[in-house]
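S.K.: 3D model of this:
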Amino acid sequence: MPAVSKGDGMRGLAVFISDIRNCKSKEAEIKRINKELANIRSKFKGDKALDGYSKKKYVCKLLFIFLLGHDIDFGHMEAVNLLSSNKYTEKQIGYLFISVLVNSNSELIRLINNAIKNDLSSRNPTFMCLALHCIANVGSREMAEAFAGEIPRILVAGDTMDSVKQSAALCLLRLYKASPDLVLMGEWTSRVVHLLNDQHMGVVTAAISLITCLSQKNPDEFKTCVSLAVSRLSRIVSSASTDLQDYTYYFVPAPWLSCKLLRLLQCYPPPEDGAVKGRLVECLETILNKAQEPPKSKKVQHSNAKNAILFEAISLIIHYDSEPNLLVRACNQLGQFLQHRETNLRYLALESMCTLASSEFSHEAVKTHIETVINALKTERDVSVRQRAADLLYAMCDRSNAKQIVAEMLSYLETADYSIREEMVLKVAILAEKYAVDYSWYVDTILNLIRIAGDYVSEEVWYRVIQIVINRDDVQGYAAKTVFEALQAPACHENMVKVGGYILGEFGNLIAGDPRSSPLVQFNLLHSKFHLCSVPTRALLLSAYIKFINLFPETKATIQEVLRSDSQIRNSDVELQQRAVEYLKLSSIASTDVLATVLEEMPPFPERESSILAKLKKKKGPGVVPVSELEDGKREGGELNGGGDRGPDSAMSSTPSPSADLLGLRSAAPVSAAAPSAGSLLVDVFSESGAGGPAAAVNDDGFLRFVCKNNGVLFENQLLQIGIKSEYRQNLGELPGFSASAVPPLSVPSGLGDGDLNVQTKPVEPLVEGGAQVQQVLNIECITDFSEAPQLNIKFRYGGALQNITLKLPVTINKFFQPTEMAATDFFQRWKQLSQPQQEAQKIFKANHGMDTEVLKAKLLGLGTALLENVDPNPENYVCAGVVQTKSQQVGVLLRLEPNAQAQMYRLTLRSSKDTVSKRLCDLLAEQF
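M.R.: Residues are numbered from 1 along each chain as shown. Here you go, the predicted structure:
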């Protein structure tokens, strides 16, 4: 908005703004605004034609009122009329109003486009810039369709002014980001690339932003830009601060352009032309040399500009990874920043050195800074810097320094921030496994890890140590002795009890010769922890007890007494009760040979990639180890990776009997080999033999019934009934289904492979008696917003025929709502903020059900949102607010339902910060009322 000056009057605007500022209350402000709106409306509708100055003044007032947060529903046509003015200030206000208040669906778009075309063809550089700014600000698809072919012509035309070229390049960049399919460079490609040679630095700076974006999508078409970028960079780097006076920032020539050129070069591999590559290496060496020079100014702006260019140059050196000399120099340069007083520089240095550590040329140079990095891990105040220091220690670790680094990371774990402990635990476990040459050290490290940070030791970590101990005969005795000693501590973490129960159950006989660790002492030690543990750990300990009976017959009577106690055989938990009963019976009736067969020692695990590595790969963000390093680590640590990731699926015995699943973790139930007779109600839901029956055609009625409720019967026929009782909290949900005659296996369709939903199931019995109910529990995590619900595929046999039913699971985006209470002012303020066309979805539809007030309220509450009372000025309307919780983001949603009882119709309007959410919710809810 132009400044209000004595020369360019608009005294009325100045007076109006002054009146608004002097208002003592919100009511007084609204009263003054309403008075002004009435005056402007009367002026626009009056018989007397307004001159350009008056239109500009009144349009400017409307714009100011809108910026105060009030709705403006008139004045658009007057703003469009200002576009045809030949005065700059009038045209400027017209374009400003249109950029702020006119949306892409307006009926005035055609008139606006015509005015823009006239200005673009006027050859008046000021008017052309105004038109280009408007196109970029609106950035709609309609604008792209109208001008995507015209703007490249303006950009490369020889007679176009430099200021217009800058605006054209940035306008084209905006349209390309909004509608890449409409901006086709084609014949203009080479001429756009040659803008890098333009004499005007502003044009080059604008053009390189466009070229970088285009190169990321179409690198082959723009690969000629590499030599031109190197040439331009060379001229800037070799110039003195006085050569580019207009573009020198605190004695640094063109820092923004230099950074953009270096970033553009990171889109391509090293130049194949020897001369170009040599010139680029010379530029990078010059940048590194200048970073060592004494500063020419003590101002922070000078150091910021120098460091920005330096870090981009180092990023390019790391990207090429082909110049050993440059890589070592970059590492030494970064090493100087590790003790810099600026926290941001220390953070950036640690982050860049993490990448340098993975290069064979600079790894040794990085290792020389190990003491500085360890000190940063211990003394840094900022947690993000400490995390980067831990990442760098992990990256620089090899066989020569593994014990030192692991010891320091374990020491830091005792006081580490809770936010990074889980990742630290994974990294310590990986390093201990990857670089261990002494297996006793590995066992000590993992047990120490469990002692220090037991709550953050995931199942993958203790599964892995068990796998390695089982696969290495030379470490089994030491592991049994060490874990026995660890269990003697007064307070043991539950994960330590799990490891101890498993290892002593398998290899307790290796230390039983010592009176201090006799069989009875081992059993009493384990059983003293029993009452403090959770159900899964108690189940594992019961499995260890039955193993003891096989290993140490003298403990049989004591263990049977424990199994026979009421606390076991009458336990409220079915799993523990069943184990106690079955193990007691097994130990009573089985002969010594049968026991030895059923409870024989675990066989070695097959060679597989470590599950800890796989888990770390899934973690996103800075500090994640590159895949190449993980593969190298797998090769280096191959002799230790004796066990694959079989841990949870394996039992302590190799036999398939029910008692073989001694760990009781995720083992599948055996499939019956006998085929059911025609008259039997036993159904084999896992068998796939025989002719497949046709899939039942199921409509969406059952699915739609669950949009606003969580419990009920999803499907029912003469053979099968499937009910749902679901619970949701934030982005997580649990959905158990039950069946009257069979319970189906669940298969998630390929459509969910994009990661919108993460659906996990728990195994169930394959054979179900007729009339029985079996639960199939589904755990659902919403990763991001989705439109298609997962499908339930049910296959079972009845009377020899394979039955096949496909249903939609009632998992919709609204299930992940978090209700949000809002006051009326907050609601309508947020409503106005979500005013972009793509953020709103609206439907007007006939009522499908009765328009009972209580029923409507119940459905809106069942939707998951908060029903806001006394917010809408019309008491007949309903407004709701909520936030859709996903793992990747939170999407705010506002809803307005306007019923018309006389016409038996509704108007439903939804606004959200994400267009796909608005549309999907609108489609779902239109079927509910």
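S.K.: which residues of the stretch 401-550 of the chain fall in helices?
M.R.: 402-413, 418-434, 439-453, 459-471, 473-487, 494-507, 519-527, 535-551 (DSSP state H, counting those that start in this stretch).
S.K.: can I get the CA coordinates of the second one in PDB?
M.R.: Translated: helix 418-434. Taking C-alpha atoms only, helix 418-434 is exported to PDB below (Å, rounded to 0.1, in the frame of the first residue of the first chain):
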ATOM      1  CA  TYR A 418      14.700 -38.500  26.900                       C
ATOM      2  CA  SER A 419      14.000 -37.400  23.300                       C
ATOM      3  CA  ILE A 420      17.200 -39.100  22.000                       C
ATOM      4  CA  ARG A 421      17.700 -42.000  24.300                       C
ATOM      5  CA  GLU A 422      15.900 -44.600  22.100                       C
ATOM      6  CA  GLU A 423      18.100 -43.700  19.100                       C
ATOM      7  CA  MET A 424      21.200 -43.700  21.200                       C
ATOM      8  CA  VAL A 425      20.400 -47.200  22.500                       C
ATOM      9  CA  LEU A 426      20.000 -48.500  18.900                       C
ATOM     10  CA  LYS A 427      23.300 -46.900  17.900                       C
ATOM     11  CA  VAL A 428      25.200 -48.300  20.800                       C
ATOM     12  CA  ALA A 429      23.700 -51.800  20.200                       C
ATOM     13  CA  ILE A 430      24.700 -51.600  16.500                       C
ATOM     14  CA  LEU A 431      28.200 -50.400  17.100                       C
ATOM     15  CA  ALA A 432      28.800 -53.100  19.800                       C
ATOM     16  CA  GLU A 433      27.600 -55.800  17.400                       C
ATOM     17  CA  LYS A 434      29.300 -54.400  14.300                       C
END
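S.K.: Next, the angle helix 402-413 makes with that helix.
M.R.: Comparing the axes of helix 418-434 and helix 402-413 via axes from the mean of the first three to the mean of the last three Cα atoms, to 10 degrees yields an angle of 160 degrees.
S.K.: Determine how far helix 418-434 lies from the middle of the whole chain.
M.R.: 21 Å (Cα atoms, centre = their mean, to the nearest Å).
S.K.: Tell me the buried residues in it?
M.R.: By 16 or more other Cβ atoms under 10 Å, the buried positions in helix 418-434 come out as 420-434. For the C-beta atoms, the positions are set from N, CA and C on the backbone; glycine is no exception.
S.K.: Quick check: which ranges of the chain have low pLDDT?
M.R.: For the chain, residues meeting the criterion pLDDT under 70 lie at 1-9, 47, 104-106, 241-243, 607-611, 613-703, 718, 735-755, 762-772, 797-801.
S.K.: most residues in a single strand of it, which one?
M.R.: strand 890-900 (DSSP state E).
S.K.: Listing partners with orientation, what would you give for that strand?
M.R.: strand 878-885 (antiparallel), strand 905-912 (antiparallel) (DSSP bridges).
S.K.: Redo those as a markdown table? Include mean neighbour count.
M.R.: Listed next are those as a markdown table, based on neighbours: other Cβ atoms under 10 Å:
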| stretch | mean neighbour count |
| --- | --- |
| strand 878-885 | 23 |
| strand 905-912 | 20 |
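S.K.: got a markdown table for those, with distance to residue 76 too?
M.R.: Converted to a markdown table, these look like this (distance: least, Cβ to Cβ, whole Å):
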| stretch | distance to residue 76 |
| --- | --- |
| strand 878-885 | 27 |
| strand 905-912 | 21 |
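S.K.: just the helices of the stretch 401-550 of the chain: most buried one?
M.R.: Highest mean neighbour count among the helices of the stretch 401-550 of the chain (mean count of other Cβ atoms under 10 Å): helix 494-507, with a mean of 25.
S.K.: Now that helix - C-alpha only, PDB.
M.R.: Output of helix 494-507 as PDB, limited to C-alpha atoms (Å, rounded to 0.1, in the frame of the first residue of the first chain):
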ATOM      1  CA  GLU A 494      12.400 -56.200  33.200                       C
ATOM      2  CA  ASN A 495      14.400 -56.500  29.900                       C
ATOM      3  CA  MET A 496      17.300 -57.900  32.000                       C
ATOM      4  CA  VAL A 497      14.900 -60.500  33.500                       C
ATOM      5  CA  LYS A 498      13.800 -61.500  30.000                       C
ATOM      6  CA  VAL A 499      17.400 -61.900  28.800                       C
ATOM      7  CA  GLY A 500      18.300 -63.700  32.000                       C
ATOM      8  CA  GLY A 501      15.300 -66.100  31.800                       C
ATOM      9  CA  TYR A 502      16.100 -67.000  28.200                       C
ATOM     10  CA  ILE A 503      19.800 -67.500  28.600                       C
ATOM     11  CA  LEU A 504      19.700 -69.400  31.900                       C
ATOM     12  CA  GLY A 505      16.900 -71.600  30.500                       C
ATOM     13  CA  GLU A 506      19.100 -72.500  27.600                       C
ATOM     14  CA  PHE A 507      22.600 -72.500  29.100                       C
END
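S.K.: Remind me what that helix packs against, helices and strands.
M.R.: helix 439-453, helix 459-471, helix 473-487, helix 519-527, helix 535-551 (3 or more Cβ pairs under 8 Å, 6 or more residues apart in numbering; DSSP states H and E).
S.K.: how about residue 392, what does it touch?
M.R.: By Cβ atoms under 8 Å, 6 or more residues apart in numbering, the contact list for residue 392 reads 350, 353, 354, 357, 366, 373.
S.K.: Pick out the one among those with the largest number of neighbours.
M.R.: residue 350 (31 neighbours; other Cβ atoms under 10 Å).
S.K.: re the thing from before, any chance of JSON lines for the helices and strands packed on helix 494-507, columns distance to residue 716?
M.R.: As requested, the helices and strands packed on helix 494-507 are exported to JSON lines (distance: least, Cβ to Cβ, whole Å):
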{"stretch": "helix 439-453", "distance to residue 716": "49"}
{"stretch": "helix 459-471", "distance to residue 716": "38"}
{"stretch": "helix 473-487", "distance to residue 716": "53"}
{"stretch": "helix 519-527", "distance to residue 716": "48"}
{"stretch": "helix 535-551", "distance to residue 716": "34"}
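S.K.: Tell me which of those lies nearest to residue 910.
M.R.: Residue 910 sits nearest to helix 459-471 of all the helices and strands packed on helix 494-507, at 41.6 Å, using Cβ to Cβ.
S.K.: centre of the chain versus that closest one, how much separation?
M.R.: 30 Å.
S.K.: Closest to the centroid, which residue in the protein?
M.R.: residue 888 (4.0 Å; Cα atoms, centre = their mean).
S.K.: mind checking how far the closest residue in space to it that isn't next to it in sequence is from residue 112?
M.R.: Excluding its sequence neighbours, the residue lying closest to residue 888 (Cβ to Cβ, 6 or more residues apart in numbering) is residue 784, at 4.6 Å. Distance of residue 784 to residue 112, given as Cβ to Cβ, to the nearest Å: 35 Å.
S.K.: Among the two, which residue is more densely surrounded?
M.R.: With neighbours defined as other Cβ under 10 Å, residue 784 and residue 112 compare such that residue 112 has more, 25 against 17.
S.K.: so the more buried one is in which element?
M.R.: helix 109-120 (DSSP states H and E).
S.K.: need the contact list for residue 333.
M.R.: Residue 333 neighbours (Cβ under 8 Å, 6+ apart): 288, 291, 292, 310, 314.
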